[in-house]
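Trainee: Quick one, what's the 3D model for this:
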Amino acid sequence: MATPLQIEAIKNVIKQGGKNVQKAMLDAGYSKNTAHTPGKLTDSKAYRDELEKHGLTTKLITTALVEDINAKAMKHDRVKELALGADILRMRGKDEDMDKDKFVPVTINVNVEKVVAKDKDE
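Mentor: Purely as a prediction, here's the structure:
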């Protein structure tokens, strides 16, 4: 169950579109020291539960993201969506944080014109 302070901070986060959790926490009345570590709020069960009350669920985000990725005809058009998905799944970051067993090798085909350097003596 979220505390009144958490609820106020979460309302502030929603109002400002999640852009500055520290500011949302300060505006709600959290101390500067606590607001300096916004993960104390955003990593809490109360945070997820409160966001779900506002309709922002993991299922909504993942379903919408998958639909958007699948709707893009060209693979290069999906880079931002795929990067966002990787961030959500915590697939990007420090090498020691990554589970290399979850990655699948991919081949990327790139069309590049052959560039030939001219000899200076010619």
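Trainee: only C-alpha atoms for contact and neighbour calcs from this point on.
Mentor: Fine.
Trainee: Determine how far the last residue of stretch 33-41 lies from the first.
Mentor: With C-alpha to C-alpha, to the nearest Å as the measure, stretch 33-41 spans 13 Å from end to end.
Trainee: From here on, call the first residue 5.
Mentor: From this message on, residue numbering opens at 5, which makes the last subject stretch 37-45.
Trainee: buried stuff in it?
Mentor: Ala39, Pro42, Leu45 (16 or more other C-alpha atoms under 10 Å).
Trainee: Show me the shaky parts of the protein.
Mentor: 77-80, 92-94, 96-126 (pLDDT under 70).
Trainee: and the longest helix anywhere in it, what other elements does it pack with?
Mentor: For the chain, the helix with the greatest residue count under DSSP state H is helix 62-75. Helix 62-75 sits against helix 83-92, with contacts defined as 3 or more C-alpha pairs under 8 Å, 6 or more residues apart in numbering; DSSP states H and E.
Trainee: who does the helix it packs on touch, helix- and strand-wise?
Mentor: Secondary elements touching helix 83-92 (3+ C-alpha pairs under 8 Å, 6+ apart): helix 62-75.
Trainee: List the buried residues for the helix it packs on?
Mentor: So helix 62-75, judged by 16+ other C-alpha under 10 Å, has buried residues Leu69, Ile73.
Trainee: swap in stretch 16-29?
Mentor: Asn16, Val17, Ile18, Val25, Gln26, Lys27, Ala28, Met29.
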